[in-house]
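S.K.: have a look at this prediction, sequence included:
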Amino acid sequence: MNDPKTLFAALFAPRRIALIGASADVTKTTSRPQRFLRKHGFAGEILPINPSRREILGEPAYASLDAVPGDIDHAYILLNGRGAVDALAACGKRGVKVASILAGGFADAGAAGASMQDDLVRIVRETGIRLVGPNSIGTVSTDPPVALTANAAFAVEHLRKGRWAVVSQSGSLIGALLSRADARGIGFSRLISVGNEVDLAVGEIADLLVDDPATDAILLFMETLRDGERLARAARRAHAAGKPVIAYKLGRSEIGQELAKSHTGAIAGSDATFDAFCQRHGIARVSMFESLVDVPALLVDRPKARGKRVAVATTTGGGAAMVVDNMAVAGLDIVGPPQSLVDWLKPLGIAAGEGKLVDLTLAGAKPEIVAGTIERLLADDGNDAVIFVVGSSAQFNPELAVEPLLKFARSAKPFAVSLTPSAEKSVALLTAAGVPVFRHPESCAEAMAVCLLRPTPQPVPELPEPASAARDALAEGRRSGFDERRAAALFTALGMPMAKSTAVSDARRVAAAVDEIGGPVALKILSADIAHKTEAGGVALGLPDGQHAAVAARDMEKRVRAHSPQARLEGFLVQKMERGLAEVILGFRRDPLVGPTVTVGLGGVLAELYKDAATRLAPVDENEARQMIEAVKGLAILRGYRNLPRGDVAALARAVAAFSTLAHQAFADVSDAEINPLLVKRDGEGVVAVDGLVVLGE
């Protein structure tokens, strides 16, 4: 079933639901879907399937799926193991539109379970039925009411309606989100647990929700990324529709963790690449679970942020300091009050111009002062957003410093309130009025950072066809293996400036090569079997002449053979020594989750230790490459830090963009590539690569 409207209706607005394996025992999990459906107002038909019962919880029961007359929109399979597989096959044969499987124990439980999951894949492919799960705790809609779930959290008396949808790879955490949101007076439009994602996955469901008129924001709880292409499409469509996509991702993927083949893999890792995916496609990633509930209030139906300057007023200096600290770490700028506010507060005994915080503590929480302060801050063109941090009065006297804030619910710029004490009455007041309110300073700061710095979808640069020299260099590397000489040939063909060098077959020819190039030189072992030459003792630097180089070559060969006795040695690379203002690591990697990525970081032998790097999806253009360079703290030296000479950032950006063209399909078998270091010279003098690595996929 490929029609999105039909699929959406079967998922979130079914009229006839079969419960395969339904139980009349209210102490059992398998009784919950039927009880919750009726408890929360499902008006359609419930069709319990149980061969040993004629009636279950007041509904007529059927011995088998075939005994049910008419069409079935959605079947929730409550059986385990092979029983679930057989039930899905029966659903596919019967023409059921969508099935969900509650049970785990498939690919999440070893080889036997993986084999059963393969059977599920085959049934989906052969019959065309759409599947949620296995390991799905259910699908919930609040309008129309459809609580098709086994999650105990839905035993609540009332299920709040809302306009945010949740798509989660964890079933149990849907209940956690539900309870946290309910405590805030917030409800949801749809909630769905996708489990193992044999068929329907986060991306496709998010894509359906973009077109849902009852949904204004899409919240994702993710453990991994299985359908990146569909999620990218959904995120871009959601941005165009004005619906923020907000993701919380935990853990690190174990897929393809052969990171030791290159420093880049260890530096970037799966978490950095997921960040890059979010950056490219306009997904707001949050680091706190609480933020999934907190952040949408600052994004949905709110004015667009103009910049990253935030003004902060408070009735508690310590509470405000916590918010300010976290905002500064997130990259926001804290700005002081306008002179008009300073002048207005001065006769009231409040010295507001002495620091960036507008601290009303000593004046007491007076409604007219609070309202007047916020009104003037919101009117000030010197900031882009305003936060008010409320102290103890929020808990005991909300009429003093909270109620005056209600009128700013629809301000012309982002406005948020952070409550220092636990003050549920104030939370309810502000939420009901539509004022974004936060119970934790960290969550408030993160929400404001997401609001002001949220990425917008970036265009994907077009990849030029590789030059014939690049194709030839790749073919040679495939035939003979990629030692540094062949890696350099490929990088040169991509447009990377490489240091002058020559290869020799044995130590006897090293001296002549040095005389040809001119000292001082670097001497390196040539072997496609040794990824990291320094660790193997295969690098010698600053050799002044041929005589010293010849001696170094003989000693080097002995060290390398002792370190890596199985490696094939193909001779030596004699390379002109180069100097620069900074050493950069430039890496390419085909990430198993998000695809090709490019990384720029502080280079040299300590690159992996520092992990000061920026990663983006590849390819990138020169503009995005410059943004990456700006994001690396250690490369501030290239920007003229403390009057040091400026580096050739433009040449570095061109090199990054050129290197990222390894994302082209012609290089599909290049799994990793790296230049470390790439030396950046003075402004106008360019860059030069002095070491390179290419790794082909298995």
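M.R.: Perfect, thanks for sending it. Computed from a predicted structure; not experimentally measured.
S.K.: mind checking how far the closest residue to Asp25 other than its chain neighbours is from Lys611?
M.R.: Using C-beta to C-beta, 6 or more residues apart in numbering and skipping the chain neighbours, the partner closest in space to Asp25 is Ser31 (5.9 Å). All C-beta atoms are positioned from the backbone trio N, CA, C, and that covers glycine. The spacing between Ser31 and Lys611, counted by C-beta to C-beta, to the nearest Å, is 51 Å.
S.K.: so where's the protein uncertain?
M.R.: Applying pLDDT under 70 to the chain flags the ranges 1, 251-270, 363-364, 605-610.
S.K.: show me the strands in the stretch 51-200 of the chain, by range?
M.R.: Along the stretch 51-200 of the chain, the segments classed as strands by DSSP state E, counting those that start in this stretch run 55-56, 59-60, 74-77, 98-101, 130-132, 138-142, 145-149, 161-168, 188-193.
S.K.: same question, the stretch 251-400 of the chain
M.R.: Under DSSP E, counting those that start in this stretch, the stretch 251-400 of the chain gives strands at 284-286, 309-314, 333-335, 357-359, 385-390.
S.K.: rewinding a little: of the strands of the stretch 51-200 of the chain, which is nearest Phe438?
M.R.: Phe438 lies closest to strand 161-168 among the strands of the stretch 51-200 of the chain, at 16.3 Å (C-beta to C-beta).
S.K.: tell me, how many residues neighbour Ala512?
M.R.: Here the number of neighbours of Ala512 (other C-beta atoms under 10 Å) works out to 15.
S.K.: just Ala311 next, same as before
M.R.: 27.
S.K.: how about Val202?
M.R.: 27.
S.K.: could you pull out the strands for the stretch 451-600 of the chain?
M.R.: For the stretch 451-600 of the chain, the strands defined by DSSP E, counting those that start in this stretch cover 501-504, 521-525, 539-543, 572-576, 582-591, 595-602.
S.K.: angle of the last one against strand 582-591?
M.R.: For the pair strand 595-602 and strand 582-591, the angle between their directions (axes from the mean of the first three to the mean of the last three C-alpha atoms, to 10 degrees) equals 160 degrees.
S.K.: give the partner strands of strand 595-602 in its sheet and their orientations.
M.R.: Pairing partners of strand 595-602, with direction, according to DSSP bridges: strand 582-591 (antiparallel), strand 613-617 (antiparallel).
S.K.: circling back: from Pro48, how far off is the residue nearest to Asp25?
M.R.: Going from Ser31 to Pro48 by C-beta to C-beta gives 10 Å.
S.K.: of the two, which one has the most company?
M.R.: Between Ser31 and Pro48, counting by other C-beta under 10 Å, Pro48 is the more crowded of the two (28 against 20).
S.K.: tally of neighbours for Val300?
M.R.: Neighbours around Val300, by other C-beta under 10 Å: 15.
S.K.: could I get the contacting residues of it?
M.R.: For Val300, the contacting residues are Arg163, Trp164, Asp216, Ala217, Lys243, Pro244, by C-beta atoms under 8 Å, 6 or more residues apart in numbering.
S.K.: I'd like these laid out as CSV, including neighbour count and distance to Gly195.
M.R.: Below are the contacts of Val300 laid out as CSV (neighbours: other C-beta atoms under 10 Å; distance: C-beta to C-beta, whole Å):
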residue, neighbour count, distance to Gly195
Arg163, 20, 25
Trp164, 27, 21
Asp216, 20, 26
Ala217, 26, 23
Lys243, 25, 24
Pro244, 24, 25
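S.K.: among those, give me the pair with the biggest separation.
M.R.: Distance extremes for the contacts of Val300: the farthest pair is Arg163 and Pro244 at 11.8 Å, using C-beta to C-beta.
S.K.: report the set of residues contacting both of those two.
M.R.: Joint contacts of Arg163 and Pro244 (C-beta under 8 Å, 6+ apart) are Ala217, Val300.
S.K.: didn't Ala75 look like it was pressed against Ile101?
M.R.: No: here Ala75 does not reach Ile101: they are 9.4 Å apart, not a contact under C-beta atoms under 8 Å.
S.K.: contacts only, for the residue nearest to Asp25.
M.R.: Contacts for Ser31 (C-beta under 8 Å, 6+ apart) come out as Ala22, Ser23, Ala24, Asp25, Leu57.
S.K.: among these, name the buried ones.
M.R.: Taking 16 or more other C-beta atoms under 10 Å as the criterion, what is buried in the contacts of Ser31 is Ala22, Ser23, Ala24, Leu57.
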